[in-house]
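S.K.: Using only what follows, build the 3D model:
(2 chains)
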Amino acid sequence: MSDPVLRPNTYAQPDARGRFGDFGGLYVPETLMPLVLELTQAWQDAKNDPAFWAEFHSLLKHFVGRPSPLYFAERLTEHHGGAKIYFKREELNHTGAHKINNCIGQILLAKRMGRTRIIAETGAGQHGVASATVCAKFDLPLVVYMGAKDVERQAPNVFRMKLMGAEVTPVTSGAGTLKDALNEALRDWVTNVHNTYYMIGTAAGMHPYPEMVRDFQSVIGKETREQILEMEGRLPDAVIACVGGGSNAIGMFYPFIDYDTVKLVGVEASGHGLDVYNGHAASLNGGRPGVLHGNRTYLLQDEDGQILEGHSISAGLDYPGIGPEHAYLHEIKRAQYVTCTDEEALEAFSLTSRLEGIIPALESSHAIAKVGDLARQVGKGGIVVLNLSGRGDKDIATVAKHMGEKNGSALS
Amino acid sequence: MSIARIDKRFADLKAHNKSAFIAYIMAGDPDLETTFEILKGLPAAGADLIELGFPFSDPMAEGPTIQHAAERSLAAGTKLRDVFMLVKRFREIDQDTPIILMGYMNPVDFLGYERFAQSAAEAGADGLIVVDCPPEEADALSDALDANDIALIRLATPTTDDSRLLTLVKRTRGFIYYVSVAGVTGVKSVDADAIAEAVSKVRDAANLPVAVGFGIRTPESAASVARIADAAVVGSALVDEIKTSLLENTPSSVKVLEKAAILAQAVHQARD
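M.R.: Sure thing, here's the model as predicted:
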């Protein structure tokens, strides 16, 4: 396998220090530094080892079920009356989301490094479930840190993790959500440096995670490129994906960065609205650069540099930061980042269910909510690919509750 | 004064063959006036240097005790400017006891390195510890601090090997902080015998005094550290007194200062 990751020619990020322009880097306590540097070295070695990638791709094929289909969403296309809309069906992967791609890569790296214990953080539980899946398969003990609030509102995923043998530790510090789960995972790592591998779930955190997670997830964009060439004989005019930490989006964007004709669009969660203080999770559109969880990136923060909790109806987008490469793509204007409110995402959730017979995750629904605008902008004869990053079964209780509150009954 | 104040304090103690007692408290925990009362009383209680924490919403290297202290401080509305004001008020009554500010990168970054360094110097602070800023990311901050005569104090840890140590000691001033256990603050306990060799290695490499902290909770462990290190840092055990005083509804400053006095005595008598 010559080039397992489809790398752009005109773009070499990050640099050796883990920087994407001004973003990224290595802001960790000194106790972790030797470990992180060791991890960086192990990743460099693995990246250049064809056997590593062969095993990765074999597992993606036989265990995850890749390649995921590229599907023409005909009725949604008709509904919007613009460019053709294709769905990259990441929701059909084993465990129901793109998260598993990254977990396969990282578990292979953890084994390569001889680690005997895995830790992970999770918000909605998708990364927790994907981690539990690979840890069961590779017979490694896993501790998942999950905000106490999220444990409560994502009970089915907690049960799935436990079923596969993971220990789920509710985090009560701070506000008990994803960022606090990340803090607690880092505290565990600093305490158990010698045997523990930290499996971060998104393209954020300290170097080398943003690069490594991107490379594992870029299988999404690589397949999309091959599939669209086969189906349409040309590249799309635009790709679109939701962005929390940003791993599904960067996985879609990265193999297209070289192609200036392909517009890259990320959709941030604007929750109750961008103008509502602490009421959204749009780090790029409503935050400022700062340092959190090991990297410099855009953050939701107050006037004294304290991190805000933020809000999104989607637990997977409810994070006050964003991967550093998105911060960079935003600054150099290679990618464009728009926003979507809770209400708009809920409408898209229902619309897609009715029109396409696909129940999308609330996270992916944010991208779907904005694909209409994009399709009309590109216009008839154009092609837009949307990354359908996860399935919505996990969200039906949340959505039913919301619909019930709004209409007086769950379905009218 | 600033870095000279730190150097002088360590030189004086060394001349008397004593280790320093460094007391850590969180600014604004549970409120700014209580912190000021504690600061005022600490030198008399035997604190040779003071580490004054500034709160951060996401303190990823802290155990529960100091996490809760930060939460109490933020709930009381503590801002960075209030922390500088505390230092300024302390400096009006004490010109000899070094104050080291300690916290996380984002509040420093948000204010700007230059403004932070200037404000700290104007208030009368002498050093800064930033938990999540390794040497790889510290050059610009070091420049700003150097220009304002504030010492950037680095941490060495049980995971630090010889080559890493050489990276760490560059641009470290005042003293070097040896984190005695791999872990968060206030949870594991220090074993002085086990770290003696590491401490002297760090001292040789840095050619600076070595303060040991992270796992010292009792007078006995403080004394054992004082025998091998140039300073013993106690944080969580003091902050615990604030929590207890809040539960008992007794004055926090009295409880903290009583505890500090006991620990200081153990440190100062350790080599007698």
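
S.K.: The nearest residue to residue B:167 once chain neighbours are set aside: neighbouring residues, count only.
M.R.: With CB to CB, 6 or more residues apart in numbering or on different chains as the measure, residue B:135 is the residue that lies nearest to residue B:167, at 5.3 Å, once sequence neighbours are left out. Any C-beta I mention is one placed from the backbone N, CA and C, and that applies to glycine too. By the other CB atoms under 10 Å in any protein chain shown criterion, the neighbourhood of residue B:135 contains 19 residues.

S.K.: for residue B:36, same thing?
M.R.: When neighbours are counted by other CB under 10 Å, residue B:36 registers 17.

S.K.: The one 10 residues further on now?
M.R.: Around residue B:46 sit 19 other residues, with neighbours defined as other CB under 10 Å.

S.K.: max-length strand in chain A?
M.R.: Ranked by residue count under DSSP state E, the longest strand found in chain A is strand A:263-271.

S.K.: my bad, chain B
M.R.: Assignment by DSSP E gives strand B:20-26 as the longest strand of chain B.

S.K.: quick one: that strand near chain A?
M.R.: No. Contact of strand B:20-26 with chain A is not found when judged by CB under 8 Å from any CB of the partner chain; the minimum separation is 14.1 Å.

S.K.: next structured bit after that strand?
M.R.: The element immediately downstream of strand B:20-26 (helix or strand, assigned by DSSP states H and E) is helix B:32-45.

S.K.: For residue 64, give me its contacts.
M.R.: Using chain A. Taking CB atoms under 8 Å, 6 or more residues apart in numbering or on different chains as the criterion, residue A:64 is in contact with A:93-94, A:100-101, A:104.

S.K.: that's the wrong chain, I meant chain B
M.R.: Shown in contact with residue B:64 (CB under 8 Å, 6+ apart): A:173, B:186-187.

S.K.: Which of these fall within strands?
M.R.: Using DSSP E, no member of these falls in strands.

S.K.: could those go into JSON lines alongside distance to residue A:277?
M.R.: Shown next, in JSON lines, are the contacts of residue B:64 (distance: CB to CB, whole Å):
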{"residue": "A:173", "distance to residue A:277": "23"}
{"residue": "B:186", "distance to residue A:277": "34"}
{"residue": "B:187", "distance to residue A:277": "35"}
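
S.K.: Which secondary structure elements does the longest strand of chain A sit against?
M.R.: Contacts of strand A:263-271 with other secondary structure elements, assessed using 3 or more CB pairs under 8 Å, 6 or more residues apart in numbering or on different chains; DSSP states H and E, are made with strand A:238-243, helix A:247-253, helix A:283-286, strand A:335-341, helix A:342-356, helix A:362-378.

S.K.: again, only using 6 Å
M.R.: Other helices and strands packing on strand A:263-271, by 3 or more CB pairs under 6 Å, 6 or more residues apart in numbering or on different chains; DSSP states H and E, are strand A:238-243, strand A:335-341, helix A:362-378.

S.K.: What lies in contact with it?
M.R.: Residues outside strand A:263-271 that contact it (CB atoms under 6 Å, 6 or more residues apart in numbering or on different chains): A:238, A:240, A:242-243, A:249, A:253, A:279-282, A:285, A:311-312, A:314, A:317, A:335-342, A:366-367, A:370, A:374.

S.K.: Now the buried members of these.
M.R.: Buried subset of those (neighbour count, 16 or more other CB atoms under 10 Å in any protein chain shown): A:238, A:240, A:242-243, A:249, A:253, A:279-282, A:311-312, A:314, A:317, A:335, A:337-342, A:366-367, A:370, A:374.

S.K.: Output those of these also counted as contacts of chain B.
M.R.: Cross-checking the buried ones among the contacts of strand A:263-271 against chain B (CB under 6 Å from any CB of the partner chain) gives no overlapping residues.

S.K.: ok so, going back, export only the CA atoms of the longest strand of chain B, formatted as PDB.
M.R.: The C-alpha coordinates for strand B:20-26 follow below in PDB (Å, rounded to 0.1, in the frame of the first residue of the first chain):
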ATOM      1  CA  ALA B  20      11.600  26.400  53.000                       C
ATOM      2  CA  PHE B  21       7.900  25.900  53.700                       C
ATOM      3  CA  ILE B  22       5.800  27.000  50.800                       C
ATOM      4  CA  ALA B  23       2.100  27.400  51.400                       C
ATOM      5  CA  TYR B  24      -0.400  27.200  48.500                       C
ATOM      6  CA  ILE B  25      -3.800  28.700  48.600                       C
ATOM      7  CA  MET B  26      -6.400  29.500  45.900                       C
END
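
S.K.: Next, the angle helix B:32-45 makes with that strand.
M.R.: Angle, strand B:20-26 to helix B:32-45, by axes from the mean of the first three to the mean of the last three CA atoms, to 10 degrees: 170 degrees.

S.K.: Strand B:20-26 packs against which elements?
M.R.: With contacts defined as 3+ CB pairs under 6 Å, 6+ apart, the packing partners of strand B:20-26 are strand B:49-53, strand B:231-234, helix B:252-269.

S.K.: that older thread, relative to the longest strand of chain A, what are the paired strands and their orientations?
M.R.: Sheet pairing for strand A:263-271, assigned by DSSP bridges, gives strand A:238-243 (parallel), strand A:335-341 (parallel).

S.K.: Stretch A:174-189 and chain B, are they touching?
M.R.: Yes. Counting by CB under 6 Å from any CB, contacts between stretch A:174-189 and chain B involve A:183, A:186-187.

S.K.: need the contact list for the closest residue to chain A within chain B.
M.R.: Taking CB to the nearest CB as the measure, the point where chain B comes nearest chain A is residue B:110, at 3.1 Å. Residue B:110 makes contact with A:290, A:305 under the criterion CB under 6 Å, 6+ apart.

S.K.: The residue of the stretch 251-400 of chain A found nearest chain B: neighbouring residues, count only.
M.R.: Proximity of the stretch 251-400 of chain A to chain B (CB to the nearest CB) peaks at residue A:305, 3.1 Å away. The local packing of residue A:305 (other CB under 10 Å) involves 25 other residues.

S.K.: Which residue is the nearest non-sequential neighbour of whichever residue of the stretch 101-250 of chain A sits closest to chain B?
M.R.: Each residue of the stretch 101-250 of chain A has a distance to chain B, by CB to the nearest CB, and the smallest belongs to residue A:191, at 4.0 Å. The spatial neighbour of residue A:191 that comes closest, neighbours along the chain excluded (CB to CB, 6+ apart), is residue B:183 at 4.0 Å.

S.K.: pLDDT score for that neighbour?
M.R.: Per-residue confidence for residue B:183 comes out at a pLDDT of 88.

S.K.: now residue A:3
M.R.: In this prediction, residue A:3 carries a pLDDT score of 54.

S.K.: got the angle between the longest strand of chain B and strand B:49-53?
M.R.: Our comparison of strand B:20-26 with strand B:49-53, counting by the same axes, to 10 degrees, yields an angle of 20 degrees.

S.K.: List the contacts of strand B:20-26.
M.R.: When contacts are taken as CB under 6 Å, 6+ apart, the neighbours of strand B:20-26 outside the stretch itself are B:13, B:38, B:42, B:46-51, B:53, B:69, B:73, B:211, B:231, B:233, B:235, B:238, B:260, B:264, B:267.

S.K.: Need the per-residue pLDDT for residue A:407.
M.R.: We note a pLDDT of 65 for residue A:407 in this prediction.

S.K.: Next up, the contacts around residue A:256.
M.R.: The neighbourhood of residue A:256, defined by CB under 6 Å, 6+ apart, consists of A:221, A:262.

S.K.: if you set the cut-off to 10 Å instead, what comes out?
M.R.: With contacts defined as CB atoms under 10 Å, 6 or more residues apart in numbering or on different chains, residue A:256 is in contact with A:6, A:8, A:218, A:221-222, A:224-225, A:235-236, A:238-239, A:262-264, A:334-335, A:385.

S.K.: Could you do residue A:200 as well?
M.R.: If you count contacts by CB under 10 Å, 6+ apart, then residue A:200 has A:102, A:106, A:119-121, A:127, A:131, A:182, A:185-186, A:206, A:209-210, A:212-213, A:245, A:247, A:293-294 around it.

S.K.: Kindly report the same for residue A:323.
M.R.: For residue A:323, counting by CB under 10 Å, 6+ apart, the contacting residues are A:20, A:23-24, A:202-205, A:209-210, A:213-214, A:243-247, A:249-250, A:283, A:295, A:297-298, A:329.

S.K.: Many thanks, we can stop here.
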